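**Student:** what's the 3D shape of this:
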Amino acid sequence: DRASGGVYERPFLSLFVCDADGKLARAEWFDEDREAEALARFDALSGGAALGGAREVTTVDVGGPVIEAARRNFALNGLDPDAARFRFAVGDAFEHLERDERRYDLVVLDPPRIGAGAAVVAAIAAAQPRAVAYVACDPVALARDLATFDDHGFALDELVALDLFPTTQHVECVAKLVRG
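**Tutor:** Reported below is the predicted structural model:
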């Protein structure tokens with residue numbers, strides 16, 4: 001697949017949320033960050049190749065095939081996945097954030113249909129990111145998590161709904177949250 005000027009491999013039954021122009025959904029929200037070298041990003045979406053311009057990128061996903069695809073995507077886009085600035089882990093993003101004492105400038109989050117939940121939101125807030133890109137497949141769960149992010153000092157900056165599954169009730173949403 002091609003998206004946002006890169007080439008990506010997707011594991012079976014995985015999804016990249018792209019707009020009609022083939023851009024990773026709302027990737028332009030963070031394009032200005034590509035030039036900044038002082039950034040650290042936490043990617044719980046495993047679309048890390050789109051974020052390779054950061055000083056460091058940590059990619060975590062519960063699916064081993066997704067992490068392997070993320071590593072291949074880095075290589076497909078001219079990035080060395082074994083470079084010290086890139087970290088890949090198979091596991092639970094919440095547990096990783098709880099153990100990790102790094103501060104992240106940007107967190108990319110794509111939780112399961114039930115949403116992130118209060119504990120995950122608190123762990124993200126503790127990492128003190130400047131912004132959170134939240135990909136949601138359930139608008140109700142997103143609304144609940146947005147209220148929890150608000151309790152932790154984050155404000156909804158932009159929200160985009162994408163009808164990726166026409167003739168169904170499913171709507172993908174991409175939200176940009178910033179520290180209030």
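**Student:** next helix or strand past the helix or strand where residue 156 lies?
**Tutor:** Residue 156 belongs to strand 154-162 when assigned by DSSP states H and E. Going down the chain from strand 154-162, the next helix or strand is strand 172-179, by DSSP H and E.
**Student:** How much space separates residue 126 from residue 101?
**Tutor:** For residue 126, the distance to residue 101 (C-beta to C-beta, to the nearest Å) stands at 9 Å. Bear in mind the C-beta positions are built from the backbone N, C-alpha and C, glycine included.
**Student:** buried ones in the strand holding residue 156?
**Tutor:** For strand 154-162, burial by neighbour count (16 or more other C-beta atoms under 10 Å) applies to 154, 156, 159, 162.
**Student:** what's that strand packed up against?
**Tutor:** Contacts defined by 3 or more C-beta pairs under 8 Å, 6 or more residues apart in numbering; DSSP states H and E place strand 154-162 against helix 139-151, strand 172-179.
**Student:** what about 6 Å?
**Tutor:** Applying 3 or more C-beta pairs under 6 Å, 6 or more residues apart in numbering; DSSP states H and E, one finds that strand 154-162 makes contact with strand 172-179.
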